[in-house]
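Participant: pasting a predicted model and its sequence here:
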Amino acid sequence: QVQLVESGGGLVQAGGSLRLSCAASGRTFISRAMGWFRQAPGKEREFVAAISWSGGTTYYTDSVKGRFTISRDNAKNTITLQMNSLKPEDTAVYYCAADRIDYGSGADPSLFGSWGQGTQVTVSS
């Protein structure tokens, strides 16, 4: 089991940047694909980005491609989400998540099953 704690959210103006971090504990982190999801008020939680267990492959939802970058440091048990050129529609609670299976690519968002408590990101216009 992987325990996850997000940090780095906040309030930023449109066009600004934020960097989210997720600290993971548990010996399975290194073998799990990791991802970021978000949930805006009144909406379903949606996939944002994922990174394979090795860090060699990344996936993004279309609306954040070219603006967000996911990365991981397996030595420090952390993943990050660098968010640039933020838009008001990026406002949401952002959740870090871990794949349920070992050595996955992270390509299937439905396989993510361990969640952090979330961090609020608010982008003002």
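Facilitator: Nice, thanks for sending it over. Numbering: from 1, shown residues only.

Participant: make it CA atoms for all contacts and neighbour counts henceforth
Facilitator: Noted.

Participant: and stretch 79-86, how far out from the chain's middle?
Facilitator: Relative to its chain's centre, stretch 79-86 lies at 9 Å (CA atoms, centre = their mean, to the nearest Å).

Participant: go on, stretch 29-45?
Facilitator: Relative to its chain's centre, stretch 29-45 lies at 6 Å (CA atoms, centre = their mean).

Participant: okay, buried residues for that stretch please.
Facilitator: For stretch 29-45, burial by neighbour count (16 or more other CA atoms under 10 Å) applies to F29, I30, S31, R32, A33, M34, G35, W36, F37, R38, Q39, A40.

Participant: just those residues: which are in strands?
Facilitator: Residues from the buried residues of stretch 29-45 lying in strands, with DSSP state E as the criterion: R32, A33, M34, G35, W36, F37, R38, Q39.

Participant: wouldn't the second one be in contact with A98 here?
Facilitator: Yes. In this structure, A33 sits in contact with A98. The criterion is CA atoms under 8 Å, and the distance is 6.1 Å.

Participant: circling back to that earlier point, can I get the ones in strands among the buried residues of stretch 29-45 in TSV with pLDDT?
Facilitator: Output for those, formatted as TSV (pLDDT from 0 to 100):
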residue	pLDDT
R32	93
A33	95
M34	95
G35	96
W36	97
F37	97
R38	98
Q39	97
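
Participant: pull the most distant pair out of these.
Facilitator: R32 and Q39 (22.4 Å; CA to CA).

Participant: name the nearest residue to D99, sequence neighbours excluded.
Facilitator: Among residues not flanking D99 along the chain, F112 sits closest, at 4.1 Å (CA to CA, 6 or more residues apart in numbering).

Participant: between the ones in strands among the buried residues of stretch 29-45, which sits nearest Q82?
Facilitator: Q82 has its nearest neighbour among these in W36, at 11.1 Å by CA to CA.

Participant: mind listing the residues bridging to the closest one?
Facilitator: With DSSP bridges applied, W36 shows beta-bridge pairing to A49, C96.
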